[in-house]
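Q: need a structure here:
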Amino acid sequence: MEINEISNIGSKIRKERRSRGFSQSELSKKLDISASYLNLLESGRRTITVPLLIKIGNELGLSLKDLTLESNKRILSDVMDVLSNEMFDDLDITNQETTEFISSNPTIAKALLALNDAHKSFKDDMQNRLESMDINATVVERPSRLPVEIVSDFLQDNKNYFEDIELASEILRKKVGLDDGHNIGSGLKLTNYLKLKHDVIVEIVPASEELKSVRNFDKKNKKLQLSEMLTYTSRNFHLAYQAAYLEAEDVIDKIINENNIESTEVLPLLKISLINYFASAMLMPYDDFLQIAKKNKYDIEILMHHYACSFEQVTHRLTNLQKTGNEGVPFHFLKTDIAGNVSKRFSLSGIHIPRHGGSCPRWNVYIAFLNPGRIHPQISRMPDGKVYFCIARAFEKGIEKHGMPKSFVSIGLGCDIKYARDLIYSEGMDIQNKKLQTPIGVSCRICPRIDCQQRAFPPIDKELKLNINYRGTSPYVTL
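A: Residues are numbered from 1 along each chain as shown. Below is the predicted model:
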């Protein structure tokens with residue numbers, strides 16, 4: 001059996017080979033083929049058999065899915081979203097043309113996304129300046145892409161899994177004394193460790209004092225201040241974060257340097273993300289966490305109690321479980337506020353999450369705001385026929401003190417429908433019943449469902465022909 005989409009696969013093989021420091025000659029010897037034949041494969045001038053593709057994947061530490069077109073679906077959705085902009089209306093670009101372009105030019109497609117991010121960032125910046133009318137405002141040079149998008153893509157490209165951090169966090173966990181299977185007394189153990197190992201004093205700031213921050217580390221005086229208004233789980237996480245901050249610098253810098261990230265605006269955000277990852281791995285060690293998760297069918301509330309962690313911490317940790325040979329369910333994760341601003345997004349399930357908001361209001365992650373605190377399951381069907389099983393929960397965030405401003409956020413977690421039975425939230429649901437599937441889309445501009453009552457814009461691929469004497473379920477439903 002041969003695979004014909006060779007140009008894309010060949011470029012991926014070349015990229016992964018180079019990233020691992022192999023020459024064509026070295027890899028060809030491992031594969032038992034000639035270097036000239038490998039060169040033809042990488043340049044897209046020869047078809048490749050499935051057995052050889054599997055062999056290449058084994059040598060490079062990649063799955064078949066990583067090397068085939070399946071891994072390009074996120075880029076495809078992102079590019080389709082970009083091309084849905086009205087500035088491209090006159091070009092009549094078809095979905096087939098877009099698919100073929102990305103198949104043979106995935107790197108150029110990423111460049112297109114970077115240009116779009118830069119355009120949007122510049123446009124938003126100019127709009128903000130015009131609205132403020134601050135003519136004398138100092139112009140600050142910023143990266144062409146938003147730092148949060150760069151970090152998000154970085155995590156996505158690495159499947160949100162970092163082996164070096166997992167190993168280092170296990171070592172530190174044992175040093176602190178957290179390796180008893182539970183996080184009982186973890187706050188006290190972390191506090192004592194910070195004092196004994198780093199001479200850092202943890203001070204709990206009373207609620208009576210002015211609250212300017214929930215956490216502040218005075219590096220000079222070696223003092224960590226935490227607000228007493230933090231929840232128990234948040235306080236423990238901040239303590240674990242501080243231990244990671246003091247001891248994980250080498251392993252985190254190594255990851256950053258290997259990926260050639262140098263932007264002064266991106267670096268702090270990426271370091272915070274990786275330190276958060278380290279702290280999470282300390283409190284919820286990989287093998288133990290995955291075992292308990294599988295045993296309890298990914299019951300998030302049981303995991304919250306077992307590890308003394310919050311809903312957000314547990315769901316975020318569930319997206320890290322991609323160790324080769326011991327993987328968990330490949331989840332997607334979405335965190336949004338009530339206005340639809342997406343602050344975190346990650347997808348291993350294959351579902352597309354828009355880069356700049358504007359998601360479908362039918363997603364349960366938005367419906368959850370109507371009944372906060374409750375976990376909402378949903379069977380979601382995308383326009384391409386793919387079906388996902390998702391859960392979502394909205395909750396209040398902020399300092400629990402009278403008069404303090406609070407905000408609501410919602411977290412969505414989901415997977416391909418084939419994993420639904422692995423999750424306790426599917427119990428009692430007929431997941432094969434198509435009547436229980438909620439038709440959802442990515443965004444209105446690239447969703448083909450004309451009859452949706454919640455449609456805000458007409459789809460890009462259909463000519464708008466309105467009848468002034470007729471009104472359908474939405475303004476864009478025609479006779």
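Q: Low-confidence ranges, the stretch 1-150 of the chain, go.
A: Of all residues in the stretch 1-150 of the chain, those with pLDDT under 70 make up the ranges 1-8, 44, 63-74, 76-77, 80, 83-96, 100, 102-106, 119-145.
Q: just the stretch 251-400 of the chain next, same as before
A: The model of the stretch 251-400 of the chain has pLDDT under 70 over residues 355-358, 398-400.
Q: Checking the spatially most central residue of the chain next. Helix, strand or coil?
A: With distances taken as Cα atoms, centre = their mean, the residue of the chain nearest its centroid is residue 346 (1.7 Å). Recorded secondary structure, residue 346: strand (DSSP: H, G, I helix; E, B strand; the rest coil).
Q: show me what contacts it?
A: 152, 155, 156, 160, 319, 332, 333, 334, 353 (Cβ atoms under 8 Å, 6 or more residues apart in numbering). Where you see a C-beta, it was placed from the backbone N, CA and C, and this is true even at glycine.
Q: Just the ones of those in strands?
A: Under the assignment DSSP state E, the contacts of residue 346 contribute 332, 333, 334 to strands.
Q: The second one: neighbouring residues, count only.
A: Applying other Cβ atoms under 10 Å, we find 22 residues neighbouring residue 333.
Q: any idea which helix or strand carries residue 78?
A: Using DSSP states H and E, residue 78 falls within helix 73-83.
Q: what's the answer for residue 187, then?
A: helix 186-198.
Q: just checking, what packs against that helix?
A: helix 163-176, strand 201-205, helix 232-247 (3 or more Cβ pairs under 8 Å, 6 or more residues apart in numbering; DSSP states H and E).
Q: repeat that for 10 Å
A: Packed against helix 186-198, as judged by 3 or more Cβ pairs under 10 Å, 6 or more residues apart in numbering; DSSP states H and E, are the following elements: helix 163-176, strand 201-205, strand 223-227, helix 232-247, helix 266-283.
Q: Pick the most deeply packed of those.
A: By mean neighbour count, with neighbours taken as mean count of other Cβ atoms under 10 Å, helix 232-247 ranks first of these at a mean of 22.
Q: so how far is the helix or strand just after it from its chain's centroid?
A: Per DSSP H and E, the first helix or strand lying C-terminal to helix 232-247 is helix 249-258. With Cα atoms, centre = their mean, to the nearest Å as the basis, helix 249-258 stands 20 Å off its chain's centre.
Q: okay, the angle between helix 249-258 and helix 266-283?
A: Between helix 249-258 and helix 266-283, the angle comes out at 130 degrees (axes from the mean of the first three to the mean of the last three Cα atoms, to 10 degrees).
Q: Pull the CA coordinates from helix 249-258 and hand them back as CSV.
A: Extracted C-alpha coordinates of helix 249-258, given in CSV (Å, rounded to 0.1, in the frame of the first residue of the first chain):
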residue,chain,number,x,y,z
GLU,A,249,15.4,27.3,35.2
ASP,A,250,17.9,25.0,33.4
VAL,A,251,15.4,22.5,32.0
ILE,A,252,13.0,25.3,30.9
ASP,A,253,15.8,27.4,29.3
LYS,A,254,17.0,24.3,27.4
ILE,A,255,13.5,23.8,25.9
ILE,A,256,13.3,27.5,24.9
ASN,A,257,16.8,27.5,23.4
GLU,A,258,16.2,24.4,21.4
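Q: Please spell out which residues along that helix are buried.
A: 251, 252, 255, 256 (16 or more other Cβ atoms under 10 Å).
Q: Mind listing what's buried along stretch 291-306?
A: Judged by neighbour count using 16+ other Cβ under 10 Å, the buried positions of stretch 291-306 are 292, 293, 298, 299, 300, 302, 303, 304, 306.
Q: Residues in a beta bridge with the residue nearest to the centre of the chain, which ones?
A: When assigned by DSSP bridges, residue 346 has beta-bridge partners residue 333.
Q: Next one, pLDDT for residue 215 please.
A: We note a pLDDT of 90 for residue 215 in this prediction.
Q: Could I get the contacting residues of it?
A: Taking Cβ atoms under 10 Å, 6 or more residues apart in numbering, we find residue 215 in contact with 205, 224-227, 230, 234-235, 237-239, 241-242.
Q: how about these in TSV, adding distance to residue 359?
A: Below are the contacts of residue 215 laid out as TSV (distance: Cβ to Cβ, whole Å):
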residue	distance to residue 359
205	38
224	37
225	37
226	34
227	33
230	30
234	27
235	33
237	28
238	30
239	35
241	30
242	35
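Q: Which one of these is nearest to residue 373?
A: Among the contacts of residue 215, residue 234 lies closest to residue 373 (Cβ to Cβ), at 17.4 Å.
Q: could I get the ones in strands among the contacts of residue 346 as TSV with distance to residue 340?
A: Below are the ones in strands among the contacts of residue 346 laid out as TSV (distance: Cβ to Cβ, whole Å):
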residue	distance to residue 340
332	17
333	16
334	11
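Q: Pick the one among these closest to residue 342.
A: Using Cβ to Cβ, residue 334 comes nearest to residue 342 of these, at 6.5 Å.
Q: Can you get me a residue count around the closest one?
A: 25.
Q: For it, which residues are in contact?
A: If you count contacts by Cβ under 10 Å, 6+ apart, then residue 334 has 315, 342-347, 351, 353-354, 359, 363, 365-366, 390, 392, 410-414 around it.
Q: How many residues are close by the closest residue in space to it that isn't next to it in sequence?
A: Nearest residue to residue 334, sequence neighbours excluded (Cβ to Cβ, 6 or more residues apart in numbering): residue 412, at 4.2 Å. Residues contacting residue 412 under the criterion other Cβ under 10 Å number 29.
Q: Which of the three states applies to residue 412?
A: Assigned by three-state DSSP, the conformation of residue 412 is strand.
Q: What does the pLDDT read for it?
A: Per-residue confidence for residue 412 comes out at a pLDDT of 96.
Q: That one against residue 312, yeah?
A: No - with contact defined as Cβ atoms under 10 Å, residue 412 does not reach residue 312; the gap is 11.6 Å.
Q: hey, what's in contact with both of those two?
A: What both residue 412 and residue 312 touch, as defined by Cβ under 10 Å, 6+ apart, is the set 333, 335, 393.
Q: Is the first one in contact with residue 349, as I believe?
A: Yes - in this structure residue 333 lies within contact range of residue 349 using Cβ under 10 Å: 9.3 Å.
Q: so what sits against both of those two?
A: Common neighbours of residue 333 and residue 349 (Cβ under 10 Å, 6+ apart) are 319, 413, 414.
Q: circling back to that earlier point, ok, the residue nearest to residue 334 to residue 39 distance?
A: Note on residue 412: its distance to residue 39, by Cβ to Cβ, to the nearest Å, is 44 Å.
Q: how many other residues sit next to residue 428?
A: Burial of residue 428 is recorded as 6 neighbouring residues (other Cβ under 10 Å).
Q: follow-up on the earlier one: the helix holding residue 187 - what's its average pLDDT?
A: For helix 186-198, the per-residue pLDDT averages 95.
Q: Also stretch 454-471?
A: On average, stretch 454-471 scores 70.
Q: swap in stretch 235-247?
A: On average, the pLDDT along stretch 235-247 is 96.
Q: Only C-alpha atoms, please: export it in CSV.
A: What follows is stretch 235-247, C-alpha atoms only, in CSV (Å, rounded to 0.1, in the frame of the first residue of the first chain):
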residue,chain,number,x,y,z
ARG,A,235,-2.2,28.5,47.4
ASN,A,236,-0.7,25.0,46.9
PHE,A,237,-0.2,25.7,43.2
HIS,A,238,1.5,29.0,43.9
LEU,A,239,3.9,27.3,46.3
ALA,A,240,4.7,24.6,43.7
TYR,A,241,5.1,27.3,41.1
GLN,A,242,7.7,29.0,43.4
ALA,A,243,9.6,25.8,43.9
ALA,A,244,9.6,25.2,40.1
TYR,A,245,10.7,28.8,39.5
LEU,A,246,13.8,28.4,41.8
GLU,A,247,14.8,24.9,40.5
